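Need coordinates for the following:
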Amino acid sequence: MVDFVKALRQGMAAKENADKNQEEIRGILAKASAQFVEAGLPGFAFKVDSVMKLTADSLKKQRAGMLGMTLGDRLEYEHSHYVLKAMIGDHGIELCEWGRSDGGYPIKLKYSGREVTCRDGGGLEVALTELLATAHAGREIAKLLTEAGATMPRLTSASLE
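This is a model prediction of the structure:
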């Protein structure tokens, strides 16, 4: 006989584990953000954000030049993917694509032709430090600082300890 109750218990346990993982991920991003604030970048934060794209129907109408031909015609969007953003106030830049998992882990970070899989919190911390050490991240964060009217403080090892 199929044991549906056992399956539900497994699902509830998986939900608890996923919640724990999501909390850990939020904590890692908050810890990284706090280090930048302590180093002299007030308002700096990391954020995982959803990227939207036009639905297939809206895209067809837009290409055909038929959007707005009827009352109530409007662009419709749907979820495309997630990205990790660096933010200062209302200004933000995309650092990488963030591949989410229903259970929290694994997470896949995609940037500069690389794809890194993080299977736990330690792996995520290592992957984030590797990402931040790239020229790609340096260029993007420099753009963010310019947009936000901020300046990069002199980051020394002492200021990060």
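
which stretches of this structure form strands?
With strands called from DSSP state E, the chain shows them at 44-54, 77-88, 91-99, 107-111, 114-118.

Nearest to Leu145, out of those?
strand 77-88 (7.3 Å; Cβ to Cβ). C-beta coordinates here come from the backbone N, C-alpha and C atoms, glycine included.

Give me the neighbour count for the closest residue in space to Val51 that isn't next to it in sequence.
Excluding its sequence neighbours, the residue lying closest to Val51 (Cβ to Cβ, 6 or more residues apart in numbering) is Ser80, at 4.7 Å. Neighbour count for Ser80, taken as other Cβ atoms under 10 Å: 12.

residues contacting Ser80?
By Cβ atoms under 8 Å, 6 or more residues apart in numbering, the residues touching Ser80 are Ser50, Val51, Met52, Lys53.

same question, Val37
Contacts of Val37 by Cβ under 8 Å, 6+ apart are Gly43, Phe44.

Do you know the pLDDT at it?
Predicted confidence (pLDDT) for Val37: 93.

what about the longest helix in this structure?
Ranked by residue count under DSSP state H, the longest helix found in the chain is helix 4-38.

Okay, angle between that one and strand 77-88 too, please.
On the basis of axes from the mean of the first three to the mean of the last three Cα atoms, to 10 degrees, helix 4-38 is oriented at 40 degrees to strand 77-88.
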